[in-house]
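1. pasted the sequence and its predicted model underneath.
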Amino acid sequence: MSNPLKDMEKPDVIFCIGTNMTECHPVAATRLKRAIANGAKMIVADPRVIGLVEHADMHLRLRVGSDAALLLGMAHVIAREGLVDEGFIHERTTEAEAFLDHVKEFTPEWASTICEVPPELIEEAALLYARADRGAIYYTLGITEHICGVDNVQSLCNLALMTGNVGREGTGINPMRGQNNIQGAGDVGAIPNNYPGFQPVTDPANQAKFREAWGREIDLEKGITKVRALELAGDKIRAMIIDGENTVVTDPDREHCEHALRSLDFLVVCDLFMTETAEFADVVFPASGFAETEGTQTNTERRVQRLRRAVPPPGEAKPDWWIISQIAKRMGFKGFDYTHAKDVFNELCSVSTTYAGLDWDRIEYGEYQWPVPEEGHPGTPRLHEDGFINGRGIFKLIRYRDPAETIDDDYPVWLTTGRRLESYHSRTQTGRSSGIDYLLAEEVLEAHPDDVTAWGVEDGGFVEMASRRGSVTIKVKATERSPRGTVFSSFSFNDVPVNVLTGAGYDPVTDTAELKVCPVRIQPAPTRGSEAAD
Amino acid sequence: MSDTTGRTIFLDGEEVPFERDETIFQVAERHRKEIPTLCYDDRLDAFGGCRLCVVELEGARNPVASCTTKAEPGMRVTTKSGSLEMHRRVLLEMVVSENREVDVDELSGYASQELKTLVDRYDARTGRFSGKTSGTSRPDDPNPFILRDYENCISCYRCVRVCAEQEGDYAITVMNRGFDTQITTEFGGLLKDSSCTFCGQCVQTCPTGALGDLKALRFAEVEKEVEKTRSICPYCGVGCAVDIMTKGDQVVGIQPAMDGPANEGALCVKGQFAFDFVHHPDRLKTPFVRDDHGQLVPATWDEALDKAAAGLLEAVNEHGRHSLYAVASGRAPNEAGYTLQKLVRAGLGTSYIDNCSRA
């Protein structure tokens, strides 16, 4: 997030797009509700009537995968109405002229033909956001999990830049990060393009720096993404270490993923449980987890916080860093003689630019948000206050692109996938916590009542839902939360493995999978109950 | 601290500064006056319901509630006097008389000991007013998380207010008046059928244990001290600070950290209640290796580590250093991701690593 969580109570106009925040980041959503109680207006763009809609002034019910069109239409209105922050774009941005020219052709009427939001609502939303003193954008995977995820994010950046809603309290472009330490995983360099602290591997100066630090020349070429690695499994990629990820259930196109793991010569998995992914491994290591492991994690607002051990781990389970270091040592690699998480964290700080001013003792109370470039620096709760790190904010000329697959006669229904409040991802943890089943016992397919009737199914009946990659049987729940022609399910329940359906395409820049859009065909199915009785 | 020029009050005779819009209670609390309260939660709008925080104000006919009275220049305030203390004691005696019990297990919730502590401080278990009681418990609500024992409710409305003001959920409200006062959902139904999200905030702010953490209370009979360890919730990216409550080697419950920088006392149903996975019997307790029959079988650390290192090295030796790929976790701590990327970079000179952020 460009801005701290506490800023979520400060905007006067909130624009939430592709974020089901009351279910996926409930505690952050409480701050938005307080802003609204204090008079803020909120625009929610989402195909579904999600929890946020109850608190919203405007609901833009766009078609799945049409975000870029909606955002172009909004940019057009803002430019046409002269609501551009001229001072800001002059002082802080570049390519503004080309951008303002570019959006001239994308009228709200044009956008409406694609995103299915009435033009007058697009106008109204654009005006509301553009006239805000403090306009803040919040988004999650509903923006990024598309083949045009980068385009979508850049479209949001364009809106914030043209209205000067960056670098001030209660503004910003704020992605809500999904997992407890997904921010940290990138921060520490567990990505193919950057060393710790987002230092590009392609920069020879960084190569020299890390040769000095670690005593080995590291490729100047970027590595490959996990998506590519799974494609190359059994071919160029022969062995994998997977730490704490249930790839088989959470990645798209489960069939392809299982095939990839089976194709490996050798697979090592570290996890808390014998997950569906661990079942494919040659060696499985028991990791210690929450309440057992000393360490650090970094939240969505870039705050580095300490994890502490309250109880011993079960049996012989060990911290991930210890397991990985032991493997490294036995592979003959140097530099893994750590005795405590503190040693690892302090080394991370010594090579990172963003964590350079931190160490284990300094983060005792979690008050630092990176970048903390040197000792004594107070941290950076709000990014871009005085300027952009890379100089100027660059407007990008985006055009709308269709999803990888679009509905047709064979697959006439849009499926979009996501998460629910009570379950977390593949339920390895929430599924093993008592009481959660009382609130959420099974997966259902949310569908509009008229669609359910048209399929000839009763509310609560079972359907077979098929995509070009596979099919699942799932119970239907008729609800007007879903628009006509669009259905929703989470991927949390292993008995309804929705990710056998998804995976039609990937963003060409980030390789992020298009998990939010998948055309499907739906027809009545015999209930699983009667199958079981047979 | 903001500018306090010209703004002072006299607190028990001592001249002290105050900030714009501060209440007498806030000024007094900063000066460690220990004014008793029951309906006060500093995250919520002041309510002035319990009347325990009354103070004497020079020139005022009656004592005033310090939580709702704004400080004004020159005010002369007395926070403790014989008559104030007697007033507070009588109020507490009346509160005690309405409830079935005062002593509740500390596992009930973060604020659950507030009434008991004050009753003991004011020696208010006199039984002078015993007789009529208030509140009707809801043992019919089968939810596994929130005890609804309203026979211990003192109508401070902290639960109702935290649900409305902090959560914005408005799942519960107040019905009736006087002895018939009842905290209820719409139409008196179960929490599950209301807009309740089971975030547990009502439980944590309840000062009497009328609302209790049922999951933690499973361990009430275990005769060990409760210890708290500060950590961070293992679920989403918000990074809510929590106190892990343990008895010996058992995690018995979770409480939100009121001073957690990201959450300021808030949690959701997952962070609050979904912690049993820690001690679940399915947890892996030893390494496993695949045997000659293709089965994963338990192994010693030495065997497993040697096998892992050999298997990975074999791929590298036969197919080159770019044949090994590492996937780091978005769930594990920073130290896990750091060591894993160092393994491929410092060990093999590649950047063949990623994490789960793309799917």
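-> Sure, I can see it.
2. contacts only, for the nearest residue to B:Met258 once chain neighbours are set aside.
-> With sequence-adjacent residues excluded and distances taken as Cβ to Cβ, 6 or more residues apart in numbering or on different chains, B:Met258 is closest to B:Gly265, at 4.2 Å. Just so you know, the C-beta spots here come from the backbone N, C-alpha and C atoms, and that holds for glycine as well. By Cβ atoms under 8 Å, 6 or more residues apart in numbering or on different chains, the contact set of B:Gly265 is B:Arg43, B:Gln166, B:Gln201, B:Gln204, B:Pro256, B:Ala257, B:Met258, B:Asp259.
3. tally up the residues packed near A:Tyr95, please.
-> One thing to correct before we go on: residue A:95 is Glu, not Tyr. 17 (other Cβ atoms under 10 Å in any protein chain shown).
4. do you know how far it is from chain B?
-> Distance of A:Glu95 to chain B, given as Cβ to the nearest Cβ, to the nearest Å: 28 Å.
5. cool, A:Asn499 as well?
-> The value you get for A:Asn499 to chain B, if Cβ to the nearest Cβ is used, is 9 Å.
6. check A:Phe491 too.
-> 10 Å.
7. thought that residue was touching A:Pro252?
-> No: counting by Cβ atoms under 8 Å, A:Phe491 does not reach A:Pro252; the two are 9.1 Å apart.
8. between the contacts of B:Gly265, which is closest to A:Ile14?
-> Distance to A:Ile14, by Cβ to Cβ, is smallest for B:Gln166 among the contacts of B:Gly265, at 17.9 Å.
9. up against chain A, what does the stretch 1-150 of chain B have?
-> By Cβ under 8 Å from any Cβ of the partner chain, the part of the stretch 1-150 of chain B that sits against chain A consists of B:Pro142, B:Asn143, B:Pro144, B:Phe145.
10. residues touching the third one, list them.
-> This means B:Pro144. A:Ser434, A:Gly435, A:Tyr438, B:Leu214, B:Lys215.
11. next: the first one.
-> Residues in contact with B:Pro142, defined by Cβ under 8 Å, 6+ apart, are A:Tyr438, B:Leu190.
12. phi, psi of it?
-> Main-chain dihedrals, B:Pro142, degrees, to the nearest 10: phi -80, psi 10.
13. quick one: mean pLDDT over stretch B:162-175.
-> For stretch B:162-175, the mean per-residue pLDDT is 95.
14. which other helices and strands contact the helix or strand containing A:Ser325?
-> With elements taken from DSSP states H and E, the one containing A:Ser325 is helix A:320-330. Counting contacts by 3 or more Cβ pairs under 8 Å, 6 or more residues apart in numbering or on different chains; DSSP states H and E, helix A:320-330 packs against strand A:239-243, strand A:266-271, helix B:301-319, helix B:334-342.
15. A:Glu109 is nearest to which of the ones you listed?
-> helix B:334-342 (47.3 Å).
16. how far does the closest one sit from its chain's centre?
-> 32 Å (Cα atoms, centre = their mean, to the nearest Å).
17. kindly format the C-alpha coordinates of that helix as PDB.
-> Coordinates of each C-alpha in helix B:334-342 appear next as PDB, following Å, rounded to 0.1, in the frame of the first residue of the first chain:
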ATOM      1  CA  ASN B 334      10.800 -13.500   6.200                       C
ATOM      2  CA  GLU B 335      13.600 -15.700   7.400                       C
ATOM      3  CA  ALA B 336      12.200 -18.600   5.400                       C
ATOM      4  CA  GLY B 337      12.000 -16.700   2.100                       C
ATOM      5  CA  TYR B 338      15.400 -15.100   2.700                       C
ATOM      6  CA  THR B 339      17.200 -18.400   3.300                       C
ATOM      7  CA  LEU B 340      15.500 -20.000   0.300                       C
ATOM      8  CA  GLN B 341      16.400 -17.300  -2.100                       C
ATOM      9  CA  LYS B 342      20.000 -17.400  -0.700                       C
END
